[in-house]
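Colleague: What would the 3D arrangement of this be:
(2 chains)
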Amino acid sequence: MSDEITAAEEASASGNFIDSFIEEDIAPGGRFEGEKVHTRFPPEPNGYLHIGHAKAICIDFGTAEKFGGIANLRMDDTNPTKEDTEYVDAIQEDIKWLGFTWDDRFYYASDYFPKMYEFAENLIQQGLAYVCELDPEQMKENRGDLTRPAVSPYRDRPVEESLDLFRRMKNGEFEDGKMTLRAKIDLASGNFNLRDPVIYRINHMTHHRTGETWCIYPMYDYAHPIEDALEGITHSLCSLEFEDHRPLYDWVINHINLPAKPRQIEFARLGINNTVMSKRKLRTLVENNYVSGWDDPRMPTLCGLRRRGYTPASIRNFCERIGVAKVNSTVEYSFLEHCLREDLNLNAERTMAVLEPVKLILTNYPENKTEDFEVENNPERPEQGTRTVSFSRELWIEKEDFMEEPVKGYFRLFPGNEVRLKTSYIIRCTGCKKDNNGNVTEVYAEYDPATRGGNTPDGRKIKGTIHWTDAKTAADAEVRLYDSLFTVPDPEAGDFLEELNPDSLKVLTGCKVEPALVNADSSKSFQFMRQGYFCMDNRDSTPEHPVFNRSVSLKDGFKKK
RNA sequence: UGGGCUGUAGCCAAGGGGUAAGGCAACGGACUUUGACUCCGUCAUUCCGUAGGUUCAAAUCCUGCCAGCCCAGCCA
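Modeller: Numbering: from 1, shown residues only, chains lettered A, B, ... in the order given. So this is what the prediction gives:
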């Protein structure tokens, strides 16, 4: 009892409108007084889940959790023309990855086909549905318009005739498109969804689960409320474009004898700037090989983000913090990145790494000497332990950590300047060597033996600390870099297909991917972080062939004063 | 032109009659063995889409207007 009060209080504290509705519903005198909150996430298995779905998942599962209720996972597979088991598996994997569980409450809309059929016959018998013989073109012509009502010459067909026709539809006596079952509601409604909507269509096709058993399939508007009700859903949360469908949802609930009367509540779907979120467009990218697959790191799919280095926690936190409302909103991509950084900063193991190497030679360090240093894996979390890195006369450092002629405000390596090699020594730059083209090939410096461990016993201040790897022991690894590009035009603008070319791909997905070579101080860790870079775990990684991603979301370089 | 929904800062977003939370971004500064992180400060001097009205008092209530989004699939 006290738990329920706490749940309600928490909900009200977090304060989104869905929570408020549910609170009213479960409160004394409410529509679902005393009932356990029960939600569902009902994807159609026709594509991979993307960050937009993550919002819905967090709302569906999160809301149930908040109220001490439960959530189902249901494949909304009522249209065999687009669906495939590949997606069924991927969807489950991605939701699990996000950290949500549905226990044994995993369902398919197709499991309810027999019941839906019975209910449909019942509707016909009640005089609430009829078989219509308008073909798609005629149906369109007879749809009416904003001010004119729709018409159907078959509307007043006798019940027995509709029943007979409907049964023959089911038995496969008619071709696709020949006839439909329509709900008899209101041909003059200002809401087109109520103009005698089609609730069953003929489709001679192999369904990924029911095979050839059916050749008629229920439409979403008819099927969804039934699915929800049969599962005992209390709150059917969906996106804003279904607001117009709610009257139909309620119509179905009210005219069929169902075990529950779920309430549909709509919320705004997620938009992120410079990010393609349309399933259709993402599919186009995949099918035409513009990307390597649904899990290409440039894709905003959950599996793509996973390869880009996003953590489940960061995505869940993002969804939590963007809030839930009914305004169409476009969240800035930088906010997603912020949520990632926050998580990574706290939890990621660091590894020093050099992406674009230049050799550093410590001219006063013995030729054959090698020292070991213990480095913390995560300064924020000492309990994550340390690793050993070797150090010797020749090291790799980042090209951009040296400037022969420093610009104003630069405080890393330049002739005469002191810099700390993280955890090892303070060094002073003495010069460099260049090739015929003027490119720096070697940087020279002298180390200060008194500063072992990077300490400054004399208390002198060292402004710059740079990463390095031992040239003798550093492990090479292939890296994929991705850069977020925000100076690009709106990817949604213009003709999508026309704009599609390899060069514009970065525009479409907000980032580009480039291969690069990295040498890191540790081959066991696939996560490292340094100034300006986030390099993270990647599914493609193997100990022999690690792959990192770099995010440029941190402030790169330095600020000029 | 019919129906549905929405307008609070550059971007999200609380607040539902009593004098505009928070986060992101941005900009200052401190600190720092990652130019990161962290910390401090500045960011709607009652233009909360707009015009009126009610009220001692309105972002909150009322009316009109304006703007944006969704709907005429046998998609979901």
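Colleague: So which residues of the stretch 201-350 of chain A form strands?
Modeller: Secondary structure of the stretch 201-350 of chain A (DSSP state E, counting those that start in this stretch): strands at A:216-218, A:235-239, A:263-267, A:270-272, A:329-331.
Colleague: chain center to the first one: distance?
Modeller: Strand A:216-218 has its C-alpha centroid displaced from the chain centroid by 31 Å (C-alpha atoms, centre = their mean, to the nearest Å).
Colleague: And for the last one?
Modeller: Averaged C-alpha coordinates place strand A:329-331 at 15 Å from its chain's average position (C-alpha atoms, centre = their mean).
Colleague: Tally up the residues packed near A:T147, please.
Modeller: Counted by other C-beta atoms under 10 Å, the residues lying close to A:T147 total 7. Backbone N, C-alpha and C define where each C-beta goes, glycine included.
Colleague: touching RNA strand B at all, whichever strand or helix holds A:R40?
Modeller: Per DSSP states H and E: A:R40 is located in strand A:38-41. No. Using C-beta under 7 Å from any atom of the strand, strand A:38-41 stays clear of RNA strand B, coming no nearer than 11.5 Å.
Colleague: which other helices and strands contact that strand?
Modeller: helix A:51-66, strand A:70-75, strand A:235-239 (3 or more C-beta pairs under 8 Å, 6 or more residues apart in numbering; DSSP states H and E).
Colleague: Name the strands paired with the shortest one and say parallel or antiparallel.
Modeller: In other words, strand A:235-239. According to DSSP bridges, strand A:235-239 forms sheet pairs with strand A:263-267 (parallel).
Colleague: Also compute the angle for the partner strand relative to helix A:51-66, please.
Modeller: Using axes from the mean of the first three to the mean of the last three C-alpha atoms, to 10 degrees, one finds that strand A:263-267 and helix A:51-66 are set 130 degrees apart in direction.
Colleague: and strand A:263-267, how far out from the chain's middle?
Modeller: With C-alpha atoms, centre = their mean, you get 22 Å for strand A:263-267.
Colleague: Now A:V440. Its backbone dihedrals?
Modeller: Torsion angles at A:V440 (phi, psi; degrees, to the nearest 10) stand at phi -70, psi 120.
Colleague: just to revisit the earlier point, give me the contacts around the strand holding A:R40.
Modeller: Under the contact criterion C-beta atoms under 8 Å, 6 or more residues apart in numbering, strand A:38-41 has outside partners A:56-57, A:60-61, A:63-64, A:69-74, A:95, A:228, A:231-237.
Colleague: Of those residues, just the buried ones, ChimeraX syntax please.
Modeller: Typed into ChimeraX, the line below selects the buried ones among the contacts of strand A:38-41, using 16 or more other C-beta atoms under 10 Å:
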select /A:56,57,60,61,63,64,69,70,71,72,73,74,95,228,231,232,233,234,235,236,237
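Colleague: and the helix or strand where A:A445 lies, average pLDDT?
Modeller: If you go by DSSP H and E, A:A445 is part of strand A:440-448. For strand A:440-448, mean pLDDT is 98.
Colleague: for it, packing partners?
Modeller: Against strand A:440-448 (3+ C-beta pairs under 8 Å, 6+ apart) you get strand A:357-362, strand A:426-434.
Colleague: Tell me which of those strands is the most buried.
Modeller: strand A:357-362 (a mean of 20; mean count of other C-beta atoms under 10 Å).
Colleague: Strand A:440-448 and that strand, what's the angle between them?
Modeller: If you take the same axes, to 10 degrees, strand A:357-362 sits at 40 degrees to strand A:440-448.
Colleague: tell me which residues of stretch A:49-57 are tucked away?
Modeller: A:49-57.
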